[in-house]
Structures are given as structure tokens and as C-alpha cells.
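Undergrad: 3D, please:
(one chain, ligands or ions: 1)
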Amino acid sequence: MTPEARNAAWGRLASLASGPAAGQIRELFAADAKRFGRFHRQGCDILMDFSKTSIDDDVLKALLELAEACQVTQKRDAMAAGEIVNNTEGRSVLHMALRAPRKAGFTAKHADGSVEDASAHVDETLAAMERFTHAIHTGDIRGATGETFTDVINIGIGGSDLGPFMAGRALWTVRSPMRPLFLANADAHNWEAIRPRLNPHRTLMLVASKTFTTAETMANAHVVRGWLERNLGEIGARRHMAALSTNLEATAAFGVPSDRVFGFRDWVGGRFSLWSAIGLSIALSCGWNAFRQLLDGARAMDEHFLSAPPDRNLPLLLALTTVWHVNGLGLKAHAVLPYDHRLSRFPAHLQQLEMESLGKRVTVSGEPVGRETGPVIFGEPGTNAQHSFMQLLHQGTTPVPADFVLVANPDHPYADNHRLLLANGLAQAEALLRGRSADEVAAEMRKSGKPEDEIARLLPHRVFPGDRPSTTLLMDRLDAFTLGQLIALYEHKVFCLGALWDIDAFDQWGVELGKQLAGSILPELAPLGSVGDHDASTTGLIARIRELQVL
Ligand code: F6P
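TA: Numbering: from 1, shown residues only. Okay, here's the model as predicted:
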């Protein structure tokens, strides 16, 4: 497809978006009793209902034409074929290989022209992780003083924390052989809050870092190693360590025995890495079977993504819905509302997955993108969100599209609570759509006997505009298999958006500057450190902190 075809497709979308009916959802429902039937799709075990958006037949057609013009399918196939689709870092992108059987035969292409058998590497690593998990659970591997391990502390940040933390929490109803704890923040209050709960004789420490150079992770790893050494001696502490990394030299230098290092490769991006060795804490805390089910669920979604036609392809449709909202209707934020408390960290995971991937302003070839890219992602589990930020979604000046994630059956026996939860999720989406008109408000107030002057005074405050879009993802159950599908669905949505916006969704240069500046400010905070050249605000704050600090 030519750039002209792409521009024409964007143009068609823009003209639909500027039409008088754009954004009006209630009218679409009024005009079409079969709208739900026509605007929901099933992919694997997930039903996606996008009927509560203003996408109609014409918009959907234009969005699908855009996907074709942007060659999303061809780009998807290039990713699956191991082509270097992460251009700025010169890397293949093969998180799909992490959950595929060896016979799937994924290969990674390297910038020097060499080709690597990715599936073989995955197979070997998974086998080593499974052996290790089994040996820890059976007590074949024990701590330095002969005790079995009861706790696993994952020390990592970003993708080396958020994914395993989110998945481990989502699967807590699976019998847990070990208690998982997560240490991410450079703020040692994080460690101080965890430490009293841990017995060094029974604690396994995982240093999870793709690069093994991330400042926060290495600082925390030194702190925890020091704690183990004080309790178990230097040699003993080594028996309590494992590393999850691509940097084998650095793991050896840190003192992790080589048979305790679980590797992965540079074709796994941090925010896509929970399926790799980075997921070891999931396997240890939820059991190997659950981890395998998680991978299988993701694999099922991969197969759907790779084979379903565009009009039935859930990740693509989810991405196109976002394009309609962001580029068509100019909506710059997006809420994620899982109505299942086990998914309470899912929004946090998506914040990194989506914003680190899609927070880009130039195209793959370095030109300004020329249109909006990734929206601000935020969320909380329902119903908590309703008592927090939903007010703005209902009556604020900026419509915020929301994804509702609903699970039909819980893993607890409290049926009434669960119906209450689901009723609330459905009601929020319905309220966003329907709104409440001035006539409805007035009638209700009159019925409850309110005087006319009070009705007039309160009426504007009680009107809801409605026509606010949402998408619902419905699953029968939340288990390891469906969780894998759900996470992979969003991963592929992100890929599709990268392809549609022609940006590199797999790099993250934007996090570098802050890291560099932190490195130069660090010595300036020492009592006698000399302060370098900064803006007046930073200089002033450094001076004030130095006056205040007593450490
Ligand atoms: O914040 C940038 C980042 O590189 C993320 O992409 C990554 O997930 C995180 O830091 C942690 O990196 P590492 O696993 O190398 O410690």
C-alpha cells in the first residue's frame, strides 16, 4: 500500500469523525435493535462488545480499510517471522515464541544477519525453570540451613515487576506453594515494609532484570543480598539467589551461581517478558501447572491473532476502537476497569505496556507522526473506581472511553456479592451510554416532592450527558488460561496500534534522560558534593534538600 492509500484511509476516517452523528451512540442503538449482535465478537474465551461505542458500519469499514492501508497484517506476519521490527534497537520481537510449542519453530533474525532458533531457546529455558520450580517445591533444593523455601521475593522494576506481580495476584486462588513478594521501588521503605515478614532461612531471592543494570533493581539486590549474607554468610546467601536476565556476565559478577540463572534473549521486551524467565515467581507461587496454563492461554490468543480475519480479530478491533476514539474523536485518555479484584494490578501492567509502547511522537523512520498516538491509560478495579474517578467519566468535560472487564463466574461462593459486582459493572457502562436528560431529572425530582425552585437550581448538576463510549470484555471465568488470553489480547492490541500509527512500539528511549540526570544528581545530594549546572528550580531544591537531610 502506498502512502497515498494510507493518507486516503486516514482522510476517510477524519471525514466520518467530523460528521454530525459522530460520537452519538444512543441513536445507533435506537436505530438498530440488533446492534449488540452486530458489534460484538468472540475470540478464544473472550467476548468483546464494542456496540457501546459510536462505531457504525461505515466507521468499521473505514477502520478496517485503514488497517489494510497500514499493512497491519503484513507487519504482524513480519513480527511472527522474526524480522527486525523493533527498528531503533535492531531487534526481532518474539514474545509469541515464549508461549509457543517448540514445533512452532520461531526464529529470531539479528542485525548481523545471523538467525537464532528462538523456540529451542525457549524450550530449554522452560525446562530448566520447571526443574527448578519442582525442586524448590519438593524440597530437593533447600536453603543454606537445610530449610525449605516458603517465600520468594522478586526484585525487579517495570516489566520485571509489573507483569509477574499482576499475574501472581490474579491467580492467588490457585493453591500457592510459596508466598510471592515484590520489591521494585528504589525507596527502601518498600524493603523495610517487606523485611519483617521474611525469614532469611526460608527466603528465595530472584533478581529479575533484563539488563541487570537497572539502578533501582541493583540497589535493592545489594540490600537484600546483604541481609541474606548477614544471616547466612556469603556462601550461604548464594544458595538463596537466582537471577532472571539476558546479561549473564553481570549475573555471574553479582555472585549468582550459573545453574541459578534463567536467561532470555533481547527479542523479549521488558513489558512483554512475564512469559519468559521473568515469570519464575509466578511458577513458584502458583505452581508450574498454572504457569503453563497461562502460557497456553496466551498461545491461544496468539493463534487467534495470527489467523482470524480482520473483521473478527479481537486485538485488531480493540486497537481500531482506540484509533476511532483517539484520532477520530480526539479523546486522549482511556480507563481500564476490571470488575474482578484479582485483576487489581492489571491497569498498572497496562499503563506500562501501553504507555511505554505507544508514547511516541515520531514514526519508525523518524518523521513527526502528525497525529495523536497513545492515550493516557489509567484504571482501578470496579467497584472501587466508582467511588474514585468515575464522576469525571460521567459528567466531566472530557469523555474518557473505558474498557470494562467482566467475569461471569467467581471462584468464591458469595453469589450475591458477585451479582452485585456484575450489576455495577453493567450499570456503569449503561449509565455512560444513556446519561440522564433534564426532563428525566426533573420528573424524578418532582416525583419525590422537590419544590420547583430547587429542581431548577439542582437540575444542571444532575444531568448526565451520556453518549460516552465503553467496550466490554466478558469472560466466563478468570483462570490461568483465560488470564493468558486477556494479557496477550492487550499485547497484540498494542502491536496493532504501533503498526497503525507507524511508530516503534518496542523501544522506550523516553525513559533514558531521567535515568542519566538521576546519575548526575546523585553525587550532588551528598553533603559535600559539588552541584552542577541545572535549572534554577532543580538547583534550589537540591540546596534545600541538603539543608534538610540528616542521613
Ligand atoms: O523503564 C525502562 C525499562 O527499561 C523498562 O522497559 C523495563 O521493563 C524496566 O526498565 C526494567 O528493566 P530491566 O528488566 O532491564 O531491569
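Undergrad: what's the neighbour count on the closest residue to residue 245 other than its chain neighbours?
TA: Excluding the flanking residues, the one nearest residue 245 by C-beta to C-beta, 6 or more residues apart in numbering is residue 212, at 4.6 Å. Placement of C-beta: from N, CA and C, glycine included. Residue 212 has 25 neighbours, counted by other C-beta atoms under 10 Å.
Undergrad: what's the burial count for the residue in the stretch 401-550 of the chain that the ligand sits nearest to?
TA: As assessed by C-beta to the nearest ligand atom, the ligand sits closest to residue 511 within the stretch 401-550 of the chain, at 4.1 Å. By the criterion of other C-beta under 10 Å, residue 511 has 11 neighbours.
Undergrad: who touches the residue of the stretch 251-400 of the chain found nearest the ligand in this structure?
TA: In the stretch 251-400 of the chain, the residue that lies nearest the ligand is residue 270 (2.6 Å; C-beta to the nearest ligand atom). Contact analysis of residue 270 by C-beta atoms under 8 Å, 6 or more residues apart in numbering lists 158-160, 210, 508.
Undergrad: Give me the three-state assignment for the residue lying closest to it once chain neighbours are set aside.
TA: Closest residue in space to residue 270, ignoring its immediate chain neighbours: residue 159 at 3.0 Å, by C-beta to C-beta, 6+ apart. Secondary structure assignment for residue 159 (DSSP: H, G, I helix; E, B strand; the rest coil): helix.
Undergrad: Ok, residue 530 next?
TA: coil.
Undergrad: And for the residue nearest to it when sequence neighbours are not counted, the neighbour number?
TA: Nearest residue to residue 530, sequence neighbours excluded (C-beta to C-beta, 6+ apart): residue 524, at 7.1 Å. By other C-beta under 10 Å, the residues close to residue 524 number 17.
Undergrad: returning to what we had before: Provide a list of residues in contact with the residue nearest to the residue of the stretch 401-550 of the chain closest to the ligand when sequence neighbours are not counted.
TA: Once flanking residues are discounted, residue 511 sits nearest to residue 356: 7.4 Å by C-beta to C-beta, 6+ apart. Neighbouring residues of residue 356 by C-beta under 8 Å, 6+ apart: 158, 271, 508, 510-511.
Undergrad: Please pick the buried ones from those.
TA: Buried residues within the contacts of residue 356, counting neighbours by 16 or more other C-beta atoms under 10 Å: 158, 271, 508.
Undergrad: Please tell me the pLDDT value assigned to the last one.
TA: It refers to residue 508. Residue 508 carries a pLDDT value of 96.
Undergrad: And it, how close does it get to residue 345?
TA: Note on residue 508: its distance to residue 345, by C-beta to C-beta, to the nearest Å, is 20 Å.
Undergrad: Check residue 143 too.
TA: If you go by C-beta to C-beta, the gap between residue 143 and residue 345 works out to 29 Å.
Undergrad: Then residue 126?
TA: According to C-beta to C-beta, residue 126 and residue 345 sit 24 Å apart.
Undergrad: Next, give phi and psi for the closest residue to residue 503 other than its chain neighbours.
TA: Counting by C-beta to C-beta, 6+ apart, residue 360 is the residue found nearest to residue 503 once chain neighbours are left out, at 4.1 Å. The phi/psi pair for residue 360 (degrees, to the nearest 10) reads phi -130, psi 150.
Undergrad: sec struct for the residue most central in space within the chain, please.
TA: Taking C-alpha atoms, centre = their mean, the centroid of the chain lies closest to residue 350, which sits 2.4 Å from it. Assigned by three-state DSSP, the conformation of residue 350 is helix.
Undergrad: got the contact list for it?
TA: Residues in contact with residue 350 (C-beta under 8 Å, 6+ apart) are 336, 377, 379, 490.
Undergrad: pLDDT value on the residue nearest to residue 511, please?
TA: We note a pLDDT of 98 for residue 356 in this prediction.
Undergrad: and what of residue 111?
TA: On the pLDDT scale, residue 111 is placed at 92.
Undergrad: Would you confirm that the residue nearest to residue 503 contacts residue 369?
TA: Yes. Taking contacts as C-beta atoms under 8 Å, residue 360 lies within contact range of residue 369: 7.0 Å.
Undergrad: Between these two, which has more neighbouring residues?
TA: residue 360 (22 against 14).
Undergrad: distance of the more buried one from residue 351?
TA: Per C-beta to C-beta, residue 360 is found 16 Å from residue 351.
Undergrad: Buried residues, the host helix or strand of residue 190. List them.
TA: Element membership for residue 190 (DSSP states H and E) is helix 189-194. Of the residues in helix 189-194, 191, 194 count as buried by neighbour count, 16+ other C-beta under 10 Å.
Undergrad: residues in contact with that helix?
TA: Residues from elsewhere that reach helix 189-194 (C-beta under 8 Å, 6+ apart): 153, 181, 183-184, 220, 223-224.
Undergrad: List buried residues within those residues.
TA: The neighbour-count test (16+ other C-beta under 10 Å) marks 153, 181, 183-184, 220, 224 as buried among these.
Undergrad: ok, now which ones touch the residue nearest to residue 530?
TA: Here residue 524 is in contact with 530-532, 542 (criterion: C-beta under 8 Å, 6+ apart).
Undergrad: between these, which has the most around it?
TA: The residue in the contacts of residue 524 with the most neighbours, by other C-beta under 10 Å, is residue 542 (17 neighbours).
Undergrad: how far away is it from residue 513?
TA: Residue 542 sits 18 Å away from residue 513, going by C-beta to C-beta.
Undergrad: ditto for residue 286
TA: If you measure residue 286 against residue 513 using C-beta to C-beta, the figure is 37 Å.
Undergrad: Counting neighbours, go ahead and name the busier of the two.
TA: Ranked by neighbour count (other C-beta under 10 Å), residue 286 and residue 513 place residue 286 first, with 27 against 9.
Undergrad: Go ahead and confirm that one touches residue 168.
TA: Yes. Assessed by C-beta under 8 Å, residue 286 is found in contact with residue 168 at 6.5 Å.
Undergrad: Among the contacts of residue 350, which are located in strands?
TA: 336, 377, 379 (DSSP state E).
Undergrad: ok, the nearest residue to the first one once chain neighbours are set aside - how many residues close by?
TA: Read it as residue 336. Leaving aside its chain neighbours, residue 336 sits nearest to residue 379 (3.5 Å; criterion: C-beta to C-beta, 6+ apart). For residue 379, the count of nearby residues is 22 (other C-beta under 10 Å).
Undergrad: Next: residue 548.
TA: If you count neighbours by other C-beta under 10 Å, residue 548 ends up with 7.
Undergrad: what does residue 148 give?
TA: When neighbours are defined as other C-beta under 10 Å, residue 148 has 16 of them.
Undergrad: Go ahead and report the secondary structure state at it.
TA: Quick answer, by three-state DSSP: residue 148 is coil.
Undergrad: unless I'm mixing things up, residue 168 is touching residue 287, no?
TA: No. If you go by C-beta under 8 Å, residue 168 and residue 287 don't touch, sitting 11.3 Å apart.
Undergrad: For those two, indicate the residue with more neighbours.
TA: residue 168 (27 against 21).
Undergrad: Please, which helix or strand holds the more buried one?
TA: Taking DSSP H and E as the criterion, residue 168 maps to helix 162-170.
Undergrad: And for residue 116?
TA: If you go by DSSP H and E, residue 116 is part of strand 115-117.
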